[in-house]
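Student: Need a 3D model of the following:
(one chain, ligands or ions: 1)
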Amino acid sequence: MPSKQAIAAQDNATYTTSSGAPVAEPYAIQRIGLNGPVLIQDFHHIDLLAHFARERIPERVVHAKGAGAHGYFEVTHDISDLTCASLFSKVGTKCPATARFSTVGGESGSADTARDPRGFAVKLKTDQGNWDIVANNTPVFFLRDPSKFPHFIHTQKRDPQTHLKDADMFWDYLSLNPESVHQVMILFSDRGTPDGYHHMHGYSGHTFKFVDSEGKYTYVQIHFRVRGGFKTLTDAQATKLAGENAEYGLQTLFEDIEAGNYPTWDVYVQTMTAEQAEKFRYNILDLTKVWPHGEFPLRPIGKLVLDKYPDNYFAEIEQAAFSPSHLVPGVEPSADPVLQSRLFSYPDTHRHRLGVNYQQLPVNAPVVPVANFQRDGFMAINNQGTRPNYQSSLVPLTYKPKPYEQVKHEVWLGNANVDLSFITELDFEQPRALWQKVFDDTAKEHFVGNVAGHLGNVKSPIVKARQLSVFANVDQDLSDRIAKAIGHPSVKPLSVPPASEATRFQYKA
Ligand code: HEM
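Tutor: Numbering: from 1, shown residues only. A predicted model of the protein is given here:
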């Protein structure tokens, strides 16, 4: 990075008011004599105070603390059999990318090393508009019913009375909603405390659809695998860093990019046909499940490289607006109900957080021209000039249908179904495999210690016992080890219906 002196020499700026008038002395205030009152005619001073008082915008309601950078995405493999997205029409195509990583529950000043999932949001500026992949660093999520999301998030944030984080409400929610346990297993492993923001993988979590030009669709899950591997901190290291350097994630991302150690991810998809999805043991629209890699191997598609730290954090990262609904032709959402809700929620919050013209901010503006009938509103920077603001026969726009527009997607069957969270034995299979097959002895020891350190703070005996029951559904030994660590008697599993009663993915070609 150039020195501050070099930047100043290059900038060669003269101090002015916000309206551009030069001012000789930034601290000067017009007043009567040496001790008299300050004058309201002093625009320079009023402008200074008035702008300062308006510097804050709403922080993100979740994922408020984060770090980000720019770079590029490069297509490394031909996947034109899967999608007609023009980005993938040629191997070697590159497009500009912006990524933002974040913790979820903490405020904008909170510690980067908190135990929390990490957001992993990527904006790809393609020649067909922006494609945002708004992912996390875990392949699953706490819920499969979006109506639970605000409840869930409230319990991870602050108590309405004490304004403290509260272990009782944290575990009250999780124990009442056992479909969360797969994500809880990951959160309380060392993966819950990644080493910085750029030594971790990213996962779409949701199923999306890639569609080819004939309308043939394939279900996909997107994976970002970081070169150098997923690095984690122990609970003790993360807690120490939170006290000593709350900005550890921001700082290490900045330092690595400035030193030329550009964070790089290889990007893959897992793919599944509709016929495979029908036979698959788990519902592909259930965000609490993974697709086993043995059955559905990773297929490489590209790489993501971050090689440019922003010049201005607020303009380029705080104002970045990522949404799973920012898609391009050839990429379609699946019917995952959580994804469907998110398609609405993100642009909704962007209009609140950044204003109705948030897409016109430079960090969000696509690299291709935008032409439509949206006009005006606060901060209309690109108001489309002389172009008519209605569908005009005199100055018509050109319309370009998606190649597969007329092709039918899934045919949905059945009546309105509101119970998305019905728990069965199926919900415990994948968490059990994590405990029994994936965690080694050290991972098990860390997991038990990390949960005990948190669950041990719960005051309600009912909540404690209920969460131990959920863990007993995963594995009795796991539950007993946590119980022992917090001085609690052994607890039996919850009684749940068999896996055969789980909601299946129903599809008709
Ligand atoms: C941020 C809603 C689930 C990943 C946000 C924001 C909202 C939100 C309102 C703030 C966005 C902003 O201010 O720009 C929801 C809802 C969910 C949900 C309603 C479920 C019903 C998920 C899931 C994932 C995810 C399942 C990942 C697979 C993210 C990320 C951000 C975010 C990465 C931060 C984006 C950024 O860096 O600007 N979410 N979310 N969310 N969410 Fe979600």
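Student: Could you use CA atoms for every contact and neighbour count after this?
Tutor: Fine.
Student: and stretch 131-139, how far out from the chain's middle?
Tutor: Here the centre of stretch 131-139 is set off from its chain's centre by 5 Å, with C-alpha atoms, centre = their mean, to the nearest Å.
Student: mean confidence score for it?
Tutor: Stretch 131-139 carries an average pLDDT of 98.
Student: is it up against the ligand anywhere?
Tutor: Yes. Residues of stretch 131-139 contacting the ligand under C-alpha under 6 Å from any ligand atom: 134-136.
Student: Can you tell me what sits against that stretch?
Tutor: With contact meaning C-alpha atoms under 8 Å, 6 or more residues apart in numbering, stretch 131-139 is reached by 117-125, 183, 186, 200-205, 290, 322-328.
Student: continuing past the strand or helix carrying residue 72, what's the next helix or strand?
Tutor: Using DSSP states H and E, residue 72 sits in strand 66-75. As assigned by DSSP H and E, the chain's next helix or strand after strand 66-75 is strand 94-103.
Student: Sheet partners, orientation included, of the helix or strand just after that following strand?
Tutor: On the C-terminal side of strand 94-103, the nearest following helix or strand under DSSP H and E is strand 118-126. Strands that pair with strand 118-126, judged by DSSP bridges, come out as strand 94-103 (antiparallel), strand 129-136 (antiparallel).
Student: possible to save these as CSV with mean neighbour count?
Tutor: Output for the strands paired with strand 118-126, formatted as CSV (neighbours: other C-alpha atoms under 10 Å):
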stretch, mean neighbour count
strand 94-103, 24
strand 129-136, 23
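Student: Now find how far off-centre the helix or strand bottoming out on mean pLDDT in the chain is within its chain.
Tutor: None of the helices or strands of the chain scores lower by mean pLDDT, DSSP states H and E than helix 4-11, at a mean of 78. In terms of C-alpha atoms, centre = their mean, the centre of helix 4-11 is found 36 Å from the chain centre.
Student: what's the answer for stretch 287-304, then?
Tutor: 18 Å.
Student: do it and the ligand meet?
Tutor: No. Figure legend: stretch 287-304 not in contact with the ligand (C-alpha under 6 Å from any ligand atom); closest approach 7.4 Å.
Student: who's in contact with that stretch?
Tutor: The set of residues external to stretch 287-304 that reach it, using C-alpha under 8 Å, 6+ apart, is 71-79, 97, 139-144, 179-180, 182-183, 205-206, 264-272, 282-283, 336, 338, 427, 430.
Student: Just the ones of those in helices?
Tutor: Secondary structure from DSSP state H places 182-183, 338, 427, 430 of the contacts of stretch 287-304 in helices.
Student: out of these, who's near the ligand?
Tutor: Restricting these to those near the ligand by C-alpha under 6 Å from any ligand atom leaves residue 338.
Student: Residues of the protein that sit close to the ligand?
Tutor: Within the chain, the positions adjacent to the ligand are 60-63, 100-101, 119-121, 134-136, 141, 146, 149, 204-205, 321-322, 338, 341-342, 345-346, 349-350 by C-alpha under 6 Å from any ligand atom.
Student: Is it possible to mark the buried ones in those residues?
Tutor: Using 16 or more other C-alpha atoms under 10 Å as the burial test, those include 62-63, 100-101, 119-121, 134-136, 141, 146, 204-205, 321-322, 338, 341-342, 346, 349-350 as buried.
Student: related to what we said a few turns ago, reformat the residues of stretch 131-139 next to the ligand as a markdown table; add distance to residue 436.
Tutor: Listed next are these as a markdown table, based on distance: C-alpha to C-alpha, whole Å:
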| residue | distance to residue 436 |
| --- | --- |
| 134 | 31 |
| 135 | 27 |
| 136 | 24 |
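Student: from the residues you listed, which single one is nearest residue 213?
Tutor: Using C-alpha to C-alpha, residue 134 comes nearest to residue 213 of the residues of stretch 131-139 next to the ligand, at 24.8 Å.
Student: now the closest one, which residues is it bridged with?
Tutor: Partner residues in beta bridges with residue 134, using DSSP bridges, are residue 121.
Student: where's residue 447 relative to residue 481, distance?
Tutor: In this view, residue 447 and residue 481 are 10 Å apart by C-alpha to C-alpha, to the nearest Å.
Student: One more: residue 157?
Tutor: 28 Å.
Student: what does residue 130 give?
Tutor: Residue 130 sits 48 Å away from residue 481 when distances are taken as C-alpha to C-alpha.
Student: Which strand or helix spans residue 345?
Tutor: Counting by DSSP H and E, the element that carries residue 345 is helix 337-353.
Student: before we move on, what about residue 467?
Tutor: Element membership for residue 467, per DSSP H and E: helix 461-474.
Student: The residue positioned nearest the centre of the chain: what's it in contact with?
Tutor: Centre of the chain computed as the mean C-alpha position; nearest residue by C-alpha atoms, centre = their mean is residue 119, 3.6 Å away. Neighbouring residues of residue 119 by C-alpha under 8 Å, 6+ apart: 63, 100-104, 134-137.
Student: And these, which is closest to residue 242?
Tutor: Among these, residue 103 lies closest to residue 242 (C-alpha to C-alpha), at 12.8 Å.
Student: so what's the nearest residue to that closest one once chain neighbours are set aside scoring on pLDDT?
Tutor: Once flanking residues are discounted, residue 103 sits nearest to residue 118: 4.7 Å by C-alpha to C-alpha, 6 or more residues apart in numbering. pLDDT recorded at residue 118 is 98.
Student: likewise residue 321?
Tutor: 98.
Student: Make sure it is actually in contact with residue 366.
Tutor: No. Residue 321 lies out of contact with residue 366 (C-alpha atoms under 8 Å); the separation is 11.9 Å.
Student: follow-up on the earlier one: contacts for the strand holding residue 72, please.
Tutor: Counting by C-alpha under 8 Å, 6+ apart, strand 66-75 makes contact with 87-88, 90-103, 108, 112, 124, 197, 249-250, 253, 301-310, 317, all of which sit outside it.
Student: try it again with 6 Å
Tutor: If you take C-alpha atoms under 6 Å, 6 or more residues apart in numbering as the criterion, strand 66-75 is touched by 91-102, 250, 302-310, 317.
Student: cool, and stretch 226-238?
Tutor: With contact meaning C-alpha under 6 Å, 6+ apart, stretch 226-238 is reached by 113, 190-191, 193-195, 199-201, 264-265.
Student: and that stretch, how far apart are its ends?
Tutor: Calculated as C-alpha to C-alpha, the first-to-last residue distance of stretch 226-238 is 20 Å.
Student: all helices of the stretch 251-400 of the chain, in order?
Tutor: 274-279, 313, 337-353 (DSSP state H, counting those that start in this stretch).
Student: What of the stretch 401-509 of the chain?
Tutor: Assigned by DSSP H, counting those that start in this stretch, the helices in the stretch 401-509 of the chain fall at 426-433, 441-455, 461-474, 476-485.
Student: Work out the gap between the last one and the centre of the chain.
Tutor: It refers to helix 476-485. With C-alpha atoms, centre = their mean as the basis, helix 476-485 stands 32 Å off its chain's centre.
Student: And it, what's buried?
Tutor: Using 16+ other C-alpha under 10 Å as the test for burial, helix 476-485 gives 476, 478-483, 485.
Student: could I get those residues as TSV with pLDDT?
Tutor: Formatted as TSV, the buried residues of helix 476-485 follow (pLDDT from 0 to 100):
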residue	pLDDT
476	98
478	98
479	98
480	98
481	98
482	98
483	98
485	98
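Student: List just the nearest of those residues to residue 225.
Tutor: Nearest to residue 225 among the buried residues of helix 476-485 is residue 478, at 29.2 Å by C-alpha to C-alpha.
Student: Residue 211 versus the closest one, what's the distance?
Tutor: Residue 478 sits 43 Å away from residue 211, going by C-alpha to C-alpha.
Student: How about residue 317?
Tutor: According to C-alpha to C-alpha, residue 317 stands 31 Å off from residue 211.
Student: what pLDDT does the closest residue to residue 107 other than its chain neighbours get?
Tutor: Using C-alpha to C-alpha, 6+ apart and skipping residues adjacent in sequence, the residue nearest residue 107 is residue 64, 5.4 Å away. Looking at residue 64, its pLDDT stands at 98.
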